[in-house]
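structure for this input, please:
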Amino acid sequence: MKQTSRLFGIGLSILFVILGVYVATDVSKYNPDGSMSWQNYAGIACAAFFGIVLIAALYNLIKGRPKL
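Residues are numbered from 1 along each chain as shown. All right, here's what the predicted structure looks like:
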């Protein structure tokens with residue numbers, strides 16, 4: 001995998017983590033009773049999934065993939 005595609009994937013992961021955090025925190029201010037809606041859960045899932053992808057991509061960028 002080329003270096004530019006790895007960096008592109010890392011950039012997209014950062015964007016989706018930011019978007020997930022924004023969705024998870026922004027939607028809850030419209031609920032007066034403080035309950036979480038499905039948008040909050042979707043934002044949390046998005047941030048968690050792409051956070052794990054980001055960590056794996058950074059690990060592969062630093063350590064490199066094993067050669068076969």
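
now Ile55: how far from Ser35?
Ile55 is 31 Å from Ser35, where distance means Cβ to Cβ, to the nearest Å. The way it works is simple: take the backbone N, C-alpha and C, and place the C-beta from them, glycine included.

who's more crowded, those two?
For Ile55 versus Ser35, the count of surrounding residues by other Cβ atoms under 10 Å is larger for Ile55: 11 against 8.

so that one: helix, strand or coil?
Going by DSSP: H, G, I helix; E, B strand; the rest coil, the secondary structure assigned to Ile55 is helix.

same check, this time on Asp33
The three-state label given to Asp33 by three-state DSSP is coil.

so who does it touch?
By Cβ atoms under 8 Å, 6 or more residues apart in numbering, Asp33 lies in contact with nothing.

what about Asn31, neighbour count?
Count around Asn31 with other Cβ under 10 Å applied: 12.

state the distance from it to Lys2.
Distance of Asn31 to Lys2, computed by Cβ to Cβ: 44 Å.

how near is the residue nearest to Val53 when sequence neighbours are not counted to Ala45?
With Cβ to Cβ, 6 or more residues apart in numbering as the criterion, Val53 has its nearest non-adjacent residue at 5.0 Å, and that residue is Ser13. Per Cβ to Cβ, Ser13 is found 14 Å from Ala45.

and the two? which has more neighbours close in?
Between Ser13 and Ala45, counted using other Cβ under 10 Å, Ser13 has the larger neighbour count: 20 against 13.

nothing else from me, thank you.
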